[in-house]
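> requesting a structural model of the entry that follows:
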Amino acid sequence: MIRVTFLGVGAALPSPGKTNCAYLLEADGARILFDCGPAILQQLAAVGRTPGDITHVFISHAHGDHALGYPMFRLWWSLSPPGWLTPVVVAGEATWTHLRALWAHCYGEIPGFAFHEVALPESPHSIDLTPGIRLSTWPMRHSTMFPVLGARFEIGQKVIAFTGDTARCDHILDLARGADLLIADSRYAHTVPPERLDQSQYHCSAQDAGEYAMQAQAKRLALVHIGPEYQGRQADLVAEARRAFAGPVSAPEAGEVIEIG
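Numbering: from 1, shown residues only. Model (predicted):
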């Protein structure tokens, strides 16, 4: 059984109660934290978890809503009793430059502690996280200063795909192909006012997410990173995505769990 817990689902400035996007993927004995925003310790606590439960961390990019919690997550480990098995932390090479600077600026006086760091190129790449989990990454289209890696986790015959933050991008199809669950940036809408076309150079719309899910023949779609101006109208963005995609579509709430058998 694969279990995805939506720790947070909001945009950079999230709606009340949404918090920034972060997810916990549990499968094959691994507990993978996807993104590490400023409220990550509270997000984990809200679902009965601590950083000590995490075996792997994947950080899609260094924008604050996805990475500012990294120093606090690492501090938890620094202050924990010795002997614990620390997690493997995976990020793009450019993202690691910012993560190391964040730690140095916040708690750089703490010596002798380090995670097992894996730096990925900002190009298509694949690694085995565990004997049963293969991670493939592709560069997304969002920021030149803070490059984004979208991720595809292949777990046995199942696939969980995360776009991270991205505008329309051909690599979305690569990571989403045949996915059992596609978790897609859906920052704005075309059919629900306001139509925030200014966001289109950085993010996808709900319509885009539905089109990619349909083209990739994904089995299920979750809309995340929805802007705060659509608070209370998430169902309308779901309806927009359903115009293109016939499979199950949802806009999960923080704390919601999706299980893939």
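> make it CA atoms for all contacts and neighbour counts henceforth
Fine.
> isn't there a helix covering residue 167?
No - with DSSP: H, G, I helix; E, B strand; the rest coil as the criterion, residue 167 is coil rather than part of a helix.
> not counting sequence-adjacent ones, nearest residue to it?
Distances taken as Cα to Cα, 6 or more residues apart in numbering place residue 203 nearest to residue 167, at 3.9 Å, with adjacent residues excluded.
> which residues in this protein form helices?
Ranges of helices in the chain, per DSSP state H, are 40-46, 64-67, 70-78, 93-107, 171-176, 206-216, 234-242.
> in the shortest one, which residues are buried?
Spelled out, it's helix 64-67. 65-67 (16 or more other Cα atoms under 10 Å).
> contacts for it next, please.
Contacts to helix 64-67, defined as Cα atoms under 8 Å, 6 or more residues apart in numbering, come from residues 11-12, 20-22, 35-38, 59-61, 99.
> how far does it sit from the chain's center?
Computed by Cα atoms, centre = their mean, to the nearest Å, the chain-centroid distance of helix 64-67 equals 10 Å.
> got the CA positions of that helix in CSV?
Only the C-alpha atoms of helix 64-67 are listed here, as CSV (Å, rounded to 0.1, in the frame of the first residue of the first chain):
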residue,chain,number,x,y,z
GLY,A,64,10.9,29.9,0.6
ASP,A,65,7.5,28.2,0.6
HIS,A,66,9.3,24.9,-0.3
ALA,A,67,12.6,25.2,1.5
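> who touches stretch 123-131?
Under the contact criterion Cα under 8 Å, 6+ apart, stretch 123-131 has outside partners 30, 134-139.
> relative to residue 257, which of these is nearest.
For the contacts of stretch 123-131, the residue nearest residue 257 by Cα to Cα is residue 30; the value is 16.4 Å.
> bridged to that closest one, which residues?
Beta-bridge pairing for residue 30 (DSSP bridges): residue 27.
> I'd assumed residue 56 was in contact with it.
Yes - Residue 30 is within contact range of residue 56, at 7.3 Å (criterion: Cα atoms under 8 Å).
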